[in-house]
Structure formats: structure tokens, C-alpha cells
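In: generate coordinates for the sequence data below:
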Amino acid sequence: MATQWYYKIKGKVNGPISSSEIIKKIKARQILPMTQLRKGDSQWVVAQSVTGLFEKAGVWTGEHKCPYCGNTITTPPTNCENCQRKIETSAYENADTHFKKIVSSKLEK
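Out: Sure, this is the predicted structure:
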């Protein structure tokens, strides 16, 4: 049997849904890092604490990394000290500040 997930939005329990549906909802920003999730009948946890979940969805929730070389960078906009490329940010509309996407452009010389 496939993994069944439940999530809470404004106190209402939703589910069960599959792992692939959870990923789709994260990509659509219907599930945010602080959304409560539960796998099967386990305890409720915040979504960002589920290892690899947001990474699998291609969504950033942690420290800033240069998308070119992987070096840790300061909060964008900034230049990567390692590869010298310019890194900018773009916040998702109507999402909390933990939910950001890195947008990069090559630094002009």
C-alpha cells in the first residue's frame, strides 16, 4: 500500500493523499514549510521537518547556496565569492518568507 499523507489547513484535516500529490501541492504553494503534515497515523509535524520533501519538490527552505558552484552564500542579492556570479532572489507570491526561489544571472565582467 502506498504512503498516505494528511495535512492541515486552517485546522481542517485533509487527506489521505499520495506522496506525489504532496509534492504537487508543495510546488503549487498549497503546502508551505509550516503546514502540519502527518504520514499515516504518525504524529503531526511541520512540513519543513520532513527530510528531503521540499528538495524533491524543487523548493528552497534553508540556507542559500550558489546554483552554479554550490558554495554557501549570504542572503541574495549577492555575488558568490567562489565563482563570482551574481545571485538574485524572487519571493513566491503570497507565501511566507521561508519559501524562496533562487534566480541567477551571470555577472558581467
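In: what packs against the top helix by length along the chain?
Out: What stands out as the longest helix in the chain, according to DSSP state H, is helix 19-27. Contact here means 3 or more Cβ pairs under 8 Å, 6 or more residues apart in numbering; DSSP states H and E; on that basis helix 19-27 packs against strand 5-9, helix 53-56. Yep, even glycine has a C-beta here, placed from its N, CA and C like the rest.
In: now do that helix: everything it contacts.
Out: Outside helix 19-27, the residues that touch it by Cβ atoms under 8 Å, 6 or more residues apart in numbering are 2-3, 5, 7, 17, 31, 37, 47, 53-54, 56-59.
In: one more: stretch 41-50?
Out: With contact meaning Cβ under 8 Å, 6+ apart, stretch 41-50 is reached by 7-8, 26, 31-39, 53-54, 61, 98.
In: now find how far off-centre it is within its chain.
Out: Centroid separation for stretch 41-50 versus its chain: 15 Å, with Cα atoms, centre = their mean, to the nearest Å.
In: check which residues of it are buried.
Out: In terms of neighbour count (16 or more other Cβ atoms under 10 Å), stretch 41-50 has its buried residues at 47, 48.
In: tell me how far the ends of that stretch are from each other?
Out: 15 Å (Cα to Cα, to the nearest Å).
In: pLDDT on that stretch, on average?
Out: For stretch 41-50, mean pLDDT is 91.
In: returning to that earlier point: can I get the helices and strands packed on helix 19-27 in TSV with distance to residue 79 and mean neighbour count?
Out: Shown next, in TSV, are the helices and strands packed on helix 19-27 (distance: least, Cβ to Cβ, whole Å; neighbours: other Cβ atoms under 10 Å):
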stretch	distance to residue 79	mean neighbour count
strand 5-9	38	18
helix 53-56	25	17
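In: nearest to residue 75, of these?
Out: For the helices and strands packed on helix 19-27, the distance to residue 75 is smallest for helix 53-56, at 18.1 Å, taking Cβ to Cβ.
In: what pairs with whatever helix or strand comes next after the closest one, parallel or antiparallel?
Out: Next along the chain after helix 53-56, taking DSSP states H and E as the criterion, comes strand 78-79. Sheet pairing of strand 78-79 (DSSP bridges) gives strand 86-91 (antiparallel).
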